[in-house]
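A.B. asks: no sequence on this one, just coordinates:
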C-alpha cells in the first residue's frame, strides 16, 4: 500500500505587506530568485492549471508536470496541488529529489518591488530571497 505524504507550507514572507490578487494578476511565468543549483519555472495559466519544469545545471530536464492551483483567502494565498518543494539542492548529484511531487503547498502571494511572488522553504534573516519565486514580465 502506498503512503501519501501531504506537506503544507506556511512560510514567513520576505515580501512586503499582503495583497489580494485575482487570477488575471497571477497568470504568468515564475522563476526562483538567486537559485544556483537548478533552474525552475512555474507557469500559471487561467483556469487553475499550472505547468512546472525543473532542470539541473547541465540543462537536463528532470521534472515536467502539469497540475492544478487555486487562489485562496480572497486571493492572498495560492494552493498548489502536486507540489515539488525545490530548495535549490544539487539535482546533478541527487536527481531523485524531483520524484517527490505528492506534497501540496499553501503559499502567501505578495508584491515585492512591483513583482508578484511567493516563497517556500526555510528562511533566515541573513539570506534574503531564499526560496522565493517572482513573476517574470
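C.D. replies: Happy to help now that I have it. Please read all numbers here as calculations on a predicted model, not as lab measurements.
A.B. asks: State the number of residues packed around residue 73.
C.D. replies: Burial of residue 73 is recorded as 13 neighbouring residues (other CB atoms under 10 Å). Where you see a C-beta, it was placed from the backbone N, CA and C, and this is true even at glycine.
A.B. asks: what is the mean pLDDT for the longest strand along the chain?
C.D. replies: Assignment by DSSP state E gives strand 61-72 as the longest strand of the chain. Average pLDDT, strand 61-72: 98.
A.B. asks: Please state the offset of it from the chain centre?
C.D. replies: Remark: strand 61-72 is offset 9 Å from the chain centroid, using CA atoms, centre = their mean, to the nearest Å.
A.B. asks: and that strand, what does it pack onto?
C.D. replies: The contact analysis (3 or more CB pairs under 8 Å, 6 or more residues apart in numbering; DSSP states H and E) places strand 61-72 against strand 49-56, strand 77-83.
A.B. asks: which of those strands sits most buried?
C.D. replies: The highest average neighbour count among these, using mean count of other CB atoms under 10 Å, belongs to strand 77-83 at a mean of 20.
A.B. asks: Now render the helices and strands packed on strand 61-72 as a markdown table, adding mean pLDDT and distance to residue 116.
C.D. replies: Below are the helices and strands packed on strand 61-72 laid out as a markdown table (pLDDT from 0 to 100; distance: least, CB to CB, whole Å):
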| stretch | mean pLDDT | distance to residue 116 |
| --- | --- | --- |
| strand 49-56 | 98 | 14 |
| strand 77-83 | 96 | 10 |
